[in-house]
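**Q** Whatever this is, show me its structure:
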Amino acid sequence: MSLTDLLLGRTLATDEEGEQRVGVVAGIPMLGLDALGSAAYGPEAALTLLIPLGAAGLGYIGPISGLIIVLLMVVYVSYRQTIAAYPHGGGSYTVAKENLGTTAGLLAAAALMLDYVLVVAVGISAGVGALISAVPIFQPYTLPLCLGILALITVVNLRGVRESGLAFVAPTYIFIVSLLVVLAIGVVKAALAGGRPQPVLAPPALPVAATAVSLWILMRSFASGCTAMTGVEAVSNAVGAFREPAVAQARRTLTAIIFLLAVMLAGIAYLCRAYNIGATEPGAAGYDSTLSQLTAAVVGRGWFYYLTIGSVLSVLALSANTGFADFPRLCRAIAQDGFLPNSFAHRGRRLVYSNGIFVLATLSAGLLIGFGGITDNLIPLFAIGAFLAFTLSQAGMVAHWWKIGGPHWRKSMVINGAGAICTAVALAIVLVSKFIDGAWVMILLIPALLILFLGVKSHYRAVARELASTEPLDAKDLQPPVALLPMRGWSAVTRKALRFAMKISPEIYALYVAEDETLMSELEDTWEQRVRAPATAAGLAAPKLLITFSPYRKLFAPLKEAVTDLQRSHPGRVIAVIVPELVPSRWYHFLLHNQTAAVIKGYLLFSGFRRVVVINVPWYLSD
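**A** All right, here's what the predicted structure looks like:
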C-alpha cells in the first residue's frame, strides 16, 4: 500500500458513489457540527457585548436568545420547504439563481463562500479556546494547535464524504449527551433552588456596570448571538450526500440539528442567568469560556467537567467540517456554470471535490495565521454571509412557488416569505450594529468575489468564441515542419531525438550552445562522423549543426534567436522544436538532474511563437 493510499484511502471508482452517501446518524456530524457547535460561541458572543452592563446584562440574555430561537424556527420551516423543492441540492446559490436571476445567485454564492471560510477559522479557534479554558498551559500554543486541527480535518475530508461523517460520530454524540446532561442537571438544581442554585464552583465575579443599557448595545448583542444560526443551510446544500430517500433523510437530519440547537441555546441562556455567568474578555489573561464556567458551576471540575469540555473542544474544532462538506460542493456548482475555474468541478481520488477542499484549507489557514488563532474579531463578519444567503434563498423560494404553483403553494409561499422577511431584518440589524466593528469588510469582499466570478465567466466565453469553428479540415498545401533540436552534446538521448526528428522532417537543425570555444571543433568532428556520414550513406539529407558561442552561459537568448531566424527563412512553415528529456524513475532523480527540458518547454510556450510546436522525446532512466 502506498503512502497516499494509507493516508487518503484507495482510489474510488465513479460507480462507488452510492456507497459514500450517508444517513441521519452520520449526517448530523457531517453537516450539523457548525450549527451545534455554535451553541458554544453564539451565546458567549452575545454575552461579551453585554459585559459593560455588568450583572444587569444577564437579564437580557434570555430575551435575546428567545428571539434568536424564534428566528431559528422560522428558518428551519423555510429550509424544509427548500429541501423538498430542490431534492438534488437546493443551496442558496441554486435557488436564488434559478428564481431571482444569475446576479442574485452569485451574490448568495459569494456570501456563502465567505461564510464557510469563517466557519472553519472561527470553529477551530473557538475549539482551541475551549481547550485553553480547561488547560491554560496550552495558551502559548494556540496557533500551532489551530493549524494542526485544520490539517487533520483536511485529511479526513480528502478521504471522502462517508469517512468525514463517520469519523466525527463519536465526538459529536459525546458532546450532545454530555452538554444535555449538564443542562438537565443545572435546570433541575435551579428549579429546586427557586431559580437561584448554589454553584459547585463559583464563576468569576461580574464586573461593575460601566454603562446603562441602550438599544444599541442590545442590537449589537443580538447581532453577535445570531452567529448561533450559522450552518443551518448546510443540509439543504448537500441533499445529494444522503442515501435514498434523500429528501426524507435530509429533512430528518435538519429537524434533529435544529431541535438540539434550540434546546442548547435555551438551556444555556437560562442557566447563565440562574448561576450569574457572564463572558470574560477573549484572549485576555484569565479567559474562561461561558460553557466552561457553566459546566464548572453545575458539576464542578471533576472528570465529567473534562469530558464535557473535551467534547466541546472536539465539536467546536470539528465544526469546521461543515465548511469542508459544503464549500467544495458550492464551488463545483459555480464552476459548472462557468463562474469559477473548471478544476473545481472535478472529483478527486475519493469522489470529493479536492480542489475546493485545498482552497478552503488554505484560506482558513491564512485567517488563523493572520489573527494568531484568536478569531474573535471575525465574529462581526460571521453572521452576515449566512443571513444574506438565508434571505436570498427564501426570497428565491417565494418566486419558485409563485411560478410553479402546486398543492399548498400559497401556504409554502407564505412560509418562505416570512423567512425572507425575518432574515432580512436580522441582516439589517447585523449590518448596522456591526458595521464599524468590521462588517464593512464583507461589503467590500462580496462585490470583489462577484467581480471575480464575472471575470472568469468572461474569460471562458472569450475562449469559447476563439475556439468555435464550423470550417472543415484544410488538407491543402501541407508541408512537413522544420525541426530544431537543442542539444547538450552527443549522447544516446541526442541520438534518439535525431532519429525521431528525421522521421517527421527532411530539414533538421541541431542547436548547440557552447560555453568553451575549444569544444566547438571537437563537436564538429563528432557530428561529421556520427551524423552526417551515416545520413548521407542512407540517402537522406544530413541534419545541420548550429553552434553558438555563449561566454555568459545563456541558453534562452540563443534559442530564441535560432527560432526567430528559422521562422524568417521559412515563412509559412511550422517550426517543430524537439526537446530531449530525461524522465526520472526515482524521487531522488529530481534532485540530481536539472529540469532544463521542462524550463525550455515553458519558455517556448510562453514566448509567443505562434508557428512553433514543442515535441518531447523522453529518455526513461533505469535507476
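**Q** could you pull out the strands for the chain?
**A** Taking DSSP state E to define them, one finds strands in the chain at 482-487, 508-514, 544-549, 575-583, 612-620.
**Q** What angle do strand 544-549 and the first one make with each other?
**A** The reference is to strand 482-487. 50 degrees (axes from the mean of the first three to the mean of the last three C-alpha atoms, to 10 degrees).
**Q** Could you give the average pLDDT over strand 482-487?
**A** Average pLDDT, strand 482-487: 94.
**Q** packing partners for it?
**A** For strand 482-487, the packing partners by 3 or more C-beta pairs under 8 Å, 6 or more residues apart in numbering; DSSP states H and E come out as helix 492-504, strand 508-514, helix 556-569, strand 575-583. No exception for glycine: its C-beta is placed from N, CA and C like everyone else's.
**Q** Now render the ones you listed as TSV, adding mean neighbour count.
**A** As requested, the helices and strands packed on strand 482-487 are exported to TSV (neighbours: other C-beta atoms under 10 Å):
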stretch	mean neighbour count
helix 492-504	16
strand 508-514	21
helix 556-569	15
strand 575-583	20
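**Q** To Leu53, which of those lies closest?
**A** Among these, helix 556-569 comes nearest to Leu53, with 69.4 Å by C-beta to C-beta.
**Q** With just CA atoms, put that closest one into CSV.
**A** Taking Å, rounded to 0.1, in the frame of the first residue of the first chain, the C-alpha atoms of helix 556-569 are listed here in CSV:
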residue,chain,number,x,y,z
PHE,A,556,17.4,31.1,-23.9
ALA,A,557,18.7,34.1,-26.0
PRO,A,558,20.5,31.8,-28.5
LEU,A,559,17.4,29.5,-28.6
LYS,A,560,15.1,32.5,-29.3
GLU,A,561,17.5,33.8,-32.0
ALA,A,562,17.6,30.4,-33.7
VAL,A,563,13.8,30.0,-33.7
THR,A,564,13.4,33.6,-35.0
ASP,A,565,15.9,33.0,-37.8
LEU,A,566,14.1,29.8,-38.9
GLN,A,567,10.7,31.5,-38.9
ARG,A,568,12.1,34.3,-41.0
SER,A,569,13.8,31.9,-43.5
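**Q** what's the single longest helix in this protein?
**A** helix 102-134 (DSSP state H).
**Q** Just the mean pLDDT for it, thanks.
**A** Helix 102-134 comes out at a mean pLDDT of 83.
**Q** now swap in stretch 149-164 and tell me
**A** On average, stretch 149-164 scores 75.
**Q** Check stretch 55-63 too.
**A** 85.
**Q** before we move on, what about stretch 353-372?
**A** If you average the pLDDT over stretch 353-372, you get 86.
**Q** before we move on, what about stretch 33-43?
**A** Mean predicted lDDT for stretch 33-43 stands at 80.
**Q** go on, stretch 335-350?
**A** In this model, stretch 335-350 has a mean pLDDT of 80.
**Q** export it as CSV, just CAs?
**A** Output in CSV follows, covering the C-alpha atoms of stretch 335-350 (Å, rounded to 0.1, in the frame of the first residue of the first chain):
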residue,chain,number,x,y,z
ALA,A,335,-17.7,26.1,-11.7
GLN,A,336,-20.3,24.1,-13.7
ASP,A,337,-21.9,27.4,-14.6
GLY,A,338,-18.6,28.8,-15.7
PHE,A,339,-18.0,31.3,-12.9
LEU,A,340,-15.1,29.5,-11.3
PRO,A,341,-12.2,27.5,-12.9
ASN,A,342,-13.3,24.1,-14.3
SER,A,343,-11.0,22.3,-11.9
PHE,A,344,-13.4,23.0,-9.0
ALA,A,345,-15.9,20.7,-10.7
HIS,A,346,-13.5,17.7,-11.0
ARG,A,347,-13.7,15.0,-8.4
GLY,A,348,-10.6,13.6,-6.8
ARG,A,349,-9.5,10.1,-6.0
ARG,A,350,-12.1,9.7,-3.2
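**Q** distance of the residue nearest in space to the middle of the chain from Arg196?
**A** Geometric centre of the chain, nearest residue: Leu360, 2.1 Å, by C-alpha atoms, centre = their mean. Leu360 sits 46 Å away from Arg196 when distances are taken as C-beta to C-beta, to the nearest Å.
**Q** need the strands of the chain in CSV with distance to Thr423, can you?
**A** Shown next, in CSV, are those (distance: least, C-beta to C-beta, whole Å):
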stretch, distance to Thr423
strand 482-487, 63
strand 508-514, 67
strand 544-549, 70
strand 575-583, 57
strand 612-620, 55
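**Q** Ile257 is nearest to which of these?
**A** strand 575-583 (51.9 Å).
**Q** Between strand 482-487 and that closest one, find me the angle.
**A** Using the same axes, to 10 degrees: strand 575-583 against strand 482-487 is 30 degrees.
**Q** Paired strands for strand 575-583, with orientation please.
**A** Using DSSP bridges, the strands paired with strand 575-583 are strand 482-487 (parallel), strand 612-620 (parallel).
**Q** So for it, mean pLDDT?
**A** Averaged across strand 575-583, the pLDDT comes to 91.
**Q** between it and strand 508-514, how many degrees?
**A** Using the same axes, to 10 degrees: strand 575-583 against strand 508-514 is 60 degrees.
**Q** which residues are in contact with strand 575-583?
**A** Strand 575-583 is touched from outside by 481-487, 493-494, 496-497, 500-501, 504-505, 563, 566-567, 589, 593, 597-598, 600-601, 604, 609, 611-621, with contacts defined as C-beta atoms under 8 Å, 6 or more residues apart in numbering.
**Q** What residues does Thr280 make contact with?
**A** Here Thr280 is in contact with Pro204, Gly286, Tyr287, Asp288, Ser289, Gln293 (C-beta under 8 Å, 6+ apart).
**Q** Quick check: it vs Ala297, distance?
**A** Distance from Thr280 to Ala297, by C-beta to C-beta: 14 Å.
**Q** Quick check: which of the helices and strands packed on strand 482-487 is nearest to Ala389?
**A** strand 575-583 (48.4 Å).
**Q** now that closest one, how far from the centre of its chain.
**A** 38 Å (C-alpha atoms, centre = their mean, to the nearest Å).
**Q** do you know how far Gly42 is from Ala35?
**A** Taking C-beta to C-beta, one finds Gly42 at 10 Å from Ala35.
**Q** which neighbours do those two share?
**A** With C-beta under 8 Å, 6+ apart as the test, Gly42 and Ala35 both reach Met229.
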